[in-house]
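Student: Sequence first, then the predicted structure, then my questions.
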Amino acid sequence: MTPEAVEQFFTRADGQFLFARWGRPIVPIVFGVEDSTISVFKGAIEAVVALADHKMAEHDPELGANLMVFFIRDWAELTATPNLDRLIPDLAPLVTRLEQAQANQYRSFRFDAEGGIKAAFVFIRMDDAMAQASADTIALSQIVQTILLWSDTAFLGTSPLAILKDDGPAVLKPEIADIIRAAYDPVLPVAATDASLALRLSARIGGLQ
């Protein structure tokens, strides 16, 4: 994968290059679904974390759980959730924007002093499109989009997943898997705003191949 192609995955709509990966073990918790779906979600998280050669833990000393996934049926549920406004700044205006956009997913990140990801909040509104997707597909798609701070345009009109055969399970696209593996090389910084990092990522992807 060329440096230019890699760079586009972390170049935001305003032209800013912004890269970040998790700087601490991931501790997930899932709300709003049955136990069977929670198991599917945690299995997907474990698979992607293993791909990245990162770590999971049972408890985050600062936050308890640092990857919180919420399944909801309506965005208005967020404003009715106790104390959620402490985790998500300007929650009410955000809910209004999500309702107006008819969005079915939203991710919010928190960062540590080095710029690495220290927490992520994932909200999934079960509209008709989401209801047609399998739990496995939703889980894999969401954790892939949460394991790194991708550009806000990285997956517009496309998906990090692919279907290899009719009625088959969704799988992670090889090029996305390569970026995730390269991004967690311990030699690389946990965060960067200089696009030259794309050169280093591209070089490591070449080494993986």
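Tutor: Everything's here; your move.

Student: Residues contacting the lengthiest strand in the chain, please?
Tutor: Scanning the chain for the strand with the most residues, using DSSP state E, yields strand 117-125. In this structure, residues lying in contact with strand 117-125 by Cβ atoms under 8 Å, 6 or more residues apart in numbering are 20-24, 62-63, 66-75, 78, 87-88, 98, 103-112, 130, 138, 142, 146, 149, 190. (C-beta placed from N, C-alpha, C; glycine too.)

Student: buried set for that strand?
Tutor: Buried positions in strand 117-125, judged by neighbour count with 16 or more other Cβ atoms under 10 Å: 117-125.

Student: Which of those lies at the shortest distance from Ser36?
Tutor: Ile124 (16.0 Å; Cβ to Cβ).

Student: Any idea what that closest one is bridged to?
Tutor: Phe71, Gln105 (DSSP bridges).

Student: Apart from its neighbours in sequence, what residue is nearest the residue nearest the centre of the chain?
Tutor: Geometric centre of the chain, nearest residue: Thr146, 1.3 Å, by Cα atoms, centre = their mean. Nearest non-adjacent residue to Thr146, counting by Cβ to Cβ, 6 or more residues apart in numbering: Ala120, 5.0 Å away.

Student: Report the beta-bridge partner residues of that neighbour.
Tutor: For Ala120, the beta-bridge partners are Leu67, Phe109 (DSSP bridges).

Student: roughly how far apart are it and Leu87?
Tutor: 11 Å (Cβ to Cβ, to the nearest Å).

Student: joint contacts of those two?
Tutor: With Cβ under 8 Å, 6+ apart, Ala120 and Leu87 have common neighbours Met68.
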